[in-house]
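1. pasting the sequence and the predicted model now:
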Amino acid sequence: MVSIIDGNELSRGKRLIMAEEAGDFSRKYGRQPGLAVVLVGEDPASAIYVRNKKKACEAAGLRSFDHHLDAGTGRKELLALIGKLNADPAVDGILVQFPVPPHLDPQEIQLAIDPGKDVDGLHPYNLGRLLSGTPTLVPCTPAGIMCMLSEYSVALKGRDAVVIGRSNLVGKPVALLLMMEHATVTICHSRTHGLDRKVRNADIVVAAVGRAEMIRGDWIREGAVVIDVGMNRTEAGLKGDVQFDEAIKRASLITPVPGGVGPMTITMLLDNTLRAAKNHVEKK
Ligand code: NAP
């Protein structure tokens, strides 16, 4: 019998605990943990993400600082704002919503953020900490995936995990985190031969590709755990990377799209902000 991982329910529980922690923090230090969200331009999907993050932030007792800059904002102006936020003691976390307009360099932006405030976990310092086995601020989607696996008591030690996708945002960090939990990890990408064979051998499948339903249900091994990161807008609505209707016939545990990984990503953003806030007051 398949179980569906309920990312919304899990998130609700986690966010309640975080709200208590944020309340304790505010009472103790006389301020709320603060997250600054920077949006450049008018991309409608980004605007929705930013609005959802702001709502979640405030519901969990965190303070959000919004900076909506127009699409023509130059690099100097954006870097100056990041510098200001780096120096602002009320700001514990800084998130620049990607994608940014093409005249801005995402890598330069990421590097400009103080690693201690990098709640996306994508600064090379934080990625390096993860690689060296001493993670600090971990990218939110991979952290959310690990949280789900742990909450659903999925055994990882010695098991075969296949990660499809090798982005810095999802594929690489989740592969490292699975390896840290002693899974044997295979990372697949667009040049991988025999993807179906690799998936068929996996106890745990993490699909982070960005192609609607490309992982066929009959590739899934009987009893496997399937984490679908994909968010693909199609005429039939939002679809994951996994052919869900067929995969549920074989998986033991699977995430739906929507309602699986997505809400956990925002929850881990709040978690990283709280973590960063605690680190800041402890450093003083
Ligand atoms: P990305 O940077 O575009 O990376 C996609 C990866 O998939 C690449 O490594 C690419 O391989 C690989 N790939 C592409 N076509 C393939 C194929 N035919 N066979 C095997 N691998 C293939 O995407 P991302 O940022 O990691 O995001 C992946 C998906 O997750 C997207 O749908 C995105 O919207 C979603 N996402 C969801 C959340 C959430 O919170 N739910 C968060 C982040 C991302 P190459 O490296 O060889 O090009």
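-> Perfect, thanks for sending it. Remember, it's a predicted structure, so these values are computed and weren't measured experimentally.

2. please count neighbours and contacts with C-alpha atoms only from this point.
-> OK.

3. flag every residue of the chain that's near the ligand.
-> By C-alpha under 6 Å from any ligand atom, the residues of the chain that approach the ligand are 141, 164-167, 169-171, 188-191, 208-210, 229-232, 261-262, 265.

4. so of the residues you listed, which ones are in strands?
-> 164, 188, 232 (DSSP state E).

5. and of those, the nearest to residue 81?
-> residue 232 (32.3 Å; C-alpha to C-alpha).

6. list the contacts of the closest one.
-> 210, 211, 212, 238, 239, 240, 241 (C-alpha atoms under 8 Å, 6 or more residues apart in numbering).

7. for the closest residue to it other than its chain neighbours, phi and psi?
-> The shortest distance from residue 232 to any non-neighbouring residue, by C-alpha to C-alpha, 6 or more residues apart in numbering, is to residue 239 (5.0 Å). Backbone geometry at residue 239, expressed as degrees, to the nearest 10, gives phi -120, psi 150.

8. quick revisit: could you dump the ones in strands among the residues of the chain next to the ligand to JSON lines with pLDDT?
-> Shown next, in JSON lines, are these (pLDDT from 0 to 100):
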{"residue": "164", "pLDDT": "99"}
{"residue": "188", "pLDDT": "98"}
{"residue": "232", "pLDDT": "96"}
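
9. now, among those, which is nearest to residue 203?
-> Nearest to residue 203 among these, with distances taken as C-alpha to C-alpha, is residue 164, at 13.6 Å.

10. the closest one pairs with what?
-> residue 188, residue 207 (DSSP bridges).

11. how close does it sit to residue 88?
-> Using C-alpha to C-alpha, to the nearest Å, we find residue 164 at a distance of 39 Å from residue 88.

12. isn't residue 129 right next to residue 136, touching?
-> Yes - taking contacts as C-alpha atoms under 8 Å, residue 129 lies within contact range of residue 136: 6.6 Å.

13. which of those two has more residues huddled nearby?
-> residue 136 (20 against 16; other C-alpha atoms under 10 Å).

14. so that one makes contact with residue 130?
-> Yes - with contact defined as C-alpha under 8 Å, residue 136 and residue 130 form a contacting pair (7.2 Å).

15. residue ranges with poor pLDDT in the stretch 151-284 of the chain?
-> Counting by pLDDT under 70, the stretch 151-284 of the chain shows no low-confidence range.

16. mind listing the strands for it?
-> With DSSP state E, counting those that start in this stretch as the criterion, the stretch 151-284 of the chain has strands at 160-164, 184-188, 204-207, 225-228, 232-234, 237-239, 253-254.

17. let me know which of those is the nearest to residue 177.
-> Across the strands of the stretch 151-284 of the chain, closest to residue 177 is strand 184-188 (C-alpha to C-alpha), at 9.9 Å.

18. ok so, going back, compare residue 164 and residue 88 (neighbour count), which wins?
-> Set side by side, residue 164 and residue 88 show more neighbours around residue 164, with 28 against 10, by other C-alpha under 10 Å.

19. pretty sure the more buried one sits against residue 207.
-> Yes - using C-alpha under 8 Å, residue 164 is in contact with residue 207, at 4.9 Å.

20. got the strands of the stretch 151-284 of the chain as TSV, with distance to residue 124 columns?
-> As requested, these are arranged in TSV below (distance: least, C-alpha to C-alpha, whole Å):
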stretch	distance to residue 124
strand 160-164	21
strand 184-188	20
strand 204-207	23
strand 225-228	26
strand 232-234	28
strand 237-239	31
strand 253-254	31
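
21. looking at those, which is nearest to residue 55?
-> strand 237-239 (21.6 Å).

22. buried set for the closest one?
-> residue 239 (16 or more other C-alpha atoms under 10 Å).
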